[in-house]
Every structure is written in C-alpha cells, then in structure tokens.
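**Q** next input, structure requested:
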Amino acid sequence: MAPGALEHAAREKRLAALGSVGSAVVLVSLKVFLAVITGSLGILSEALHSSLDLVAAVITYLSIRVADKPADADHLYGHGKVESFSAFVETGLLLLTALYIIWEAFQRLLFQTAPMHPSLAAIVILALTMGIDFVRSRALSRVAKKYPSEALEADALHFSTDVWSTFVVVLGITGAWLGIKLGMPWLGKLDPVAALGVAGVIIWIGSRLGKRTVDALLDVAPLGLRERIARTVDETEGVLQTERVRVRRAGQRYFVDVTISVPRTASLEQAHAASDAVERNIDRIVPADVVVHVEPRARTDEHLFETIRAIAQRRGLAVHELSAHQLDGRLFVELHLEVDEESSLRQAHLRATELEEDIRAATSPRALVNIHIEPLGARIPGAEEMKELAVAVEDFLNLLPSEYKELVDCHEVLVRSVEHKILVSCHCAMDGNLPITAVHDITAALELRVKAHFPQIFRLTIHPEPVEES
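**A** Purely as a prediction, here's the structure:
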C-alpha cells in the first residue's frame, strides 16, 4: 500500500474510533440517567455495560494510533499487536461486568425487592439507544472490514450485541411497567431476569472475542490460510516442494516464513527467481511480509549426470565430458576433473579419489569410475600472449606441408580463452579434389600434432577450404 493510502487508512480508522467514543459518551449518559430515575437493574446493567464500552472505545482509539506506527529499531515487526492486546483488555472488562450483573440479579431475585419506577419515556429512550448502537456498529464494521483491524472489529462486535442486550432490557422494563399498570407485581421480576439475559449475551460475545484475541497474541494461524499458501507455493515454477509454512499476524499485516526445496543443480539465479515467484504468489493471497528459505534437494527423477555434477559442485570441483555405460553388468562412469594447476599429483589424485567414493555412494558400490585429471587453467593469458601463441601455431602448421602433401598452407589463426580454456581456430587450404573423408583424416592428424606441441591448448578447430578459395 502506498504511503498516501496508508495515511488515509489510518485517518479513517482514527475517525471511526473517535466516533465510537462520542457515541459511547451519549449512551452512558442516557442509561445512567434512566437507571437513576427508574431504579431498574436491567438498565443499570446496561449502563455499566456501556461504561465499559466507553473505556474500551477509548482504549481502541489509543491502540489504533499506536498500531498504525511503522516498524522501528525496537519493534521490527511493527506495532500491530497493540490492537490484539486492546481487544484482550476489552474482553476482561466485559467478563467482569457480566459477573457483577449476575451477582446483583440473584440478589434482587432472591433477597431484595428494589423499588422500580418504570415509564414509557424510559422505554422510548432505550429504543433510541438501540438505534445509536446499530448505526455505530455498522459504521465500525465497515471500516474494520475495509482496513482489517481487530480493535475496530471488537468494538463493532460489542455494539452489535448491545442492540440485543438493550432489547432484552426493554422487555424487562416493559414487563415491570405493565405489572404496575395491570396490578401484576410479579412482572417486576422480569427486570433482573432481563439483566441475567444481558449478562449471558456479554459472556457469549466476550468468550468469542477472548478466543480470537488470545489466538492473535499467541500467533495462531488463521484457519485455512497456511494450507492455501502451501498449495500455491507447491504450484510455483521452480519449486520442488513446500517444506514448511509459518504464518503470524500483527494488526492488519501478516508475516509468512516459507521453506522451499529447489533442484540442487539449480543455479543461484534460478533459486532466487523461484523465491521471488513464491513471494509474488503469496502476496496475491494475503498482503504479507514474506521470508523464503531455500533448500537444495535432489529430484525424484534426477538424471545420473545431474547427480554427479551436484556431488562435484558440493566439493567445489569442476567436471566435464561426462559419460556413462553398462560394462559387464556394472555402471561405468568416465569424466574429466579440473584441479588447480599448482597441485601435485598426490593432491590431485586425493581429490579424484574422494569424488569417486561420493559417486559410488550415490549410484552403486560396484560402479566403476574413471577420472581424467587436468589443470584448471585458472590463469587467463593476456592479449599479448594470445597473439604470440597465434603466431606460433600458424608457423608450426605451415611447417607441416612437408609431411602432409595435401596441405597447402594455414592462415587466419585465432586464439581465445573461454571458461579458463584456450581455444584455437584456423583455416587450412587443401586440394579441392580431395574426398571429404581424406580431408577429415588430415585435419584430425593436424589437431593432434598441434595439441601435442602446445599442451595448453584445450581445443583446435580447423576449417578446411579449397586452395583456390583461400
């Protein structure tokens, strides 16, 4: 969310919370006034309930101001948990109110006959408070859904239940009023019964809210969210498997830790691309701060050569020219191993032996492994050395026509270094009437002669051409 949008959301949430505080002040004032003039325990219970709602609304307003602050050096995950703590405090206040109401109701039902002065005006005023509760609940619920906020949602939940609890009180005081009008004093018992109904509503909604806030404070993952994320990550290109998903929520922000496995032969760039794709896919499900941990794993259908390359890579070795065959019912693997050109034979052979043992452990204990050892060629010759080598190769080739009568001359010798290997290419002119098989034999012989004379050359490529076109 852009900074401007975040500021707008924070302002709208604060205004909603502030409106809730103002409504609570009006409701408390009306209910306290009615409790004094009527002596109704039901209305007194509602007045206490609304007083705690006022305290809760103030806590909500303050918590939202704190929760919307960005993360800082001391609160690396932000301040969103303040909303959950605020809702937890509201739950405690609600349950304390319910216990007091239950105690007072049983006192009046069993031991006391408190005087009551119900009136039609009191009933009308209570109906008005129901309307205020309804409007305030809808407004808070709308903002809580628009900008996910536990504190505003708790407030909205309170005031939606206030509508029903006030309705129960209206029934109780209406019964008491009718009892006086109709000469049936036993109807006055409806007032403490109504108070017990209010207490029941408070306990019910408090237990629901309490469970949700405790879950949030204990980082319980939202129902089904972990499974949705795991399925999405499993379907991400480049991911072998989702190994672990952890989800926690702080305010309206989610934090997701994911461990994925990728092919062990994947490059660092490929693993990073898979990690980025996982982050994007999770963000489509829920706005979250995502951390992805990558584990290299072998594919279930991993090719033999991929296995060998992974083994060599783990040891920091460079291999090439891999081949594998079945020989007398046993696996025969052959490859070239590049070692530091400063290494002794003993050191190089030790590296090769370790690699052989790893390959047998990963394939078959009976496998035959033959490793050709060659210098890594890590030193890249300079441009001047390249030119000198090109001249030397050209001079050497042009001495060979005395041995190979078909060869006229060699020219356009190019020397370059690719992946720490010296590659040479050149053009050799021959009789245009020669069959191509003879030409191939001559070029192969020339390549062997050059590589024998210049062992630093990894590959020589000869382009044969008719002498008339050279």
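**Q** number of nearby residues for Gln270?
**A** Neighbourhood size, Gln270 [other C-beta atoms under 10 Å]: 13. In short, each C-beta sits where N, CA and C put it, glycine included.
**Q** once you drop chain neighbours, what's closest to it?
**A** Distances taken as C-beta to C-beta, 6 or more residues apart in numbering place Gly238 nearest to Gln270, at 6.3 Å, with adjacent residues excluded.
**Q** from memory the one you found sits against Ala273, does it?
**A** Yes. Shown here, Gly238 and Ala273 form a contact pair, counting by C-beta atoms under 8 Å, at 6.3 Å.
**Q** which of the two has more neighbours?
**A** Neighbour totals were compared for Gly238 and Ala273, and Gly238 leads with 18 against 15 (other C-beta under 10 Å).
**Q** show me what contacts that one?
**A** Going by C-beta atoms under 8 Å, 6 or more residues apart in numbering, Gly238 touches Val262, Ala266, Gln270, Ala271, Ala273, Ala274, Ala277.
**Q** repeat that for Leu397.
**A** Per C-beta under 8 Å, 6+ apart, neighbours of Leu397: Cys410, Val413, Cys426, Cys428, Leu446, Val450.
**Q** the helices in the stretch 201-350 of the chain, which residues?
**A** 225-234, 268-285, 304-314, 345-362 (DSSP state H, counting those that start in this stretch).
**Q** Gln107: which of those is closest?
**A** Minimum separation from Gln107 across the helices of the stretch 201-350 of the chain (C-beta to C-beta) falls at helix 225-234, 46.9 Å.
**Q** ok and that closest one relative to helix 268-285, angle-wise?
**A** 140 degrees (axes from the mean of the first three to the mean of the last three C-alpha atoms, to 10 degrees).
**Q** which helices and strands does helix 225-234 pack with?
**A** Applying 3 or more C-beta pairs under 8 Å, 6 or more residues apart in numbering; DSSP states H and E, one finds that helix 225-234 makes contact with strand 241-250, strand 253-263, helix 268-285.
**Q** can I get the helices of the stretch 201-350 of the chain in JSON lines with distance to Glu374 and mean pLDDT?
**A** Output for the helices of the stretch 201-350 of the chain, formatted as JSON lines (distance: least, C-beta to C-beta, whole Å; pLDDT from 0 to 100):
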{"stretch": "helix 225-234", "distance to Glu374": "42", "mean pLDDT": "88"}
{"stretch": "helix 268-285", "distance to Glu374": "26", "mean pLDDT": "89"}
{"stretch": "helix 304-314", "distance to Glu374": "14", "mean pLDDT": "87"}
{"stretch": "helix 345-362", "distance to Glu374": "9", "mean pLDDT": "91"}
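**Q** where does the residue nearest to Gln270 fall, phi/psi-wise?
**A** phi 90, psi -10 (degrees, to the nearest 10).
**Q** equivalent analysis for Glu237, please.
**A** phi -60, psi 130.
**Q** pLDDT below threshold where in the stretch 301-450 of the chain?
**A** 377-382, 419 (pLDDT under 70).
**Q** wait, Arg228 sits on Ile282?
**A** No. At 9.4 Å, Arg228 does not count as touching Ile282 under the criterion of C-beta under 8 Å.
**Q** neighbour count winner among the two?
**A** More crowded of Arg228 and Ile282, by other C-beta under 10 Å: Ile282, with 24 against 15.
**Q** against His293, how distant is that one?
**A** 14 Å (C-beta to C-beta, to the nearest Å).
**Q** of the helices of the stretch 201-350 of the chain, which is nearest Leu140?
**A** If you check each of the helices of the stretch 201-350 of the chain against Leu140 by C-beta to C-beta, helix 225-234 wins as the nearest, at 24.1 Å.
**Q** what's the angle from that closest one to strand 253-263?
**A** 40 degrees.
**Q** quick check: buried residues in helix 225-234?
**A** Leu225, Ile229, Ala230, Thr232, Val233 (16 or more other C-beta atoms under 10 Å).
**Q** columns distance to Thr307 on top of those, output as TSV?
**A** Converted to TSV, those look like this (distance: C-beta to C-beta, whole Å):
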residue	distance to Thr307
Leu225	37
Ile229	31
Ala230	28
Thr232	30
Val233	25
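**Q** which one of those is nearest Thr129?
**A** Leu225 (38.1 Å).
**Q** how close does that closest one sit to Glu447?
**A** 64 Å.
**Q** over to Glu465?
**A** 16 Å.
**Q** again, but for Val233
**A** Applying C-beta to C-beta to Val233 and Glu447 gives a distance of 51 Å.
**Q** filter the contacts of Leu397 down to the buried ones.
**A** Counted by 16+ other C-beta under 10 Å, the contacts of Leu397 give Cys410, Val413, Cys426, Cys428, Leu446, Val450 as buried.
**Q** now name the helix or strand holding the fifth one.
**A** Read that as Leu446. Using DSSP states H and E, Leu446 maps to helix 436-453.
**Q** any buried residues in that helix, and which?
**A** Those would be Val439, Ile442, Thr443, Leu446, Glu447, Arg449, Val450, for helix 436-453 by 16+ other C-beta under 10 Å.
**Q** surely the last one touches Val424?
**A** Yes. Under the contact definition of C-beta under 8 Å, Val450 touches Val424, with a separation of 7.3 Å.
**Q** list the contacts of Ile282.
**A** Ile229, Thr232, Val233, Val256, Val258, Ala288, Val290.
**Q** just the closest of these to Leu327, please.
**A** The nearest one, if we look at the contacts of Ile282 relative to Leu327 and count by C-beta to C-beta, is Val233, at 43.3 Å.
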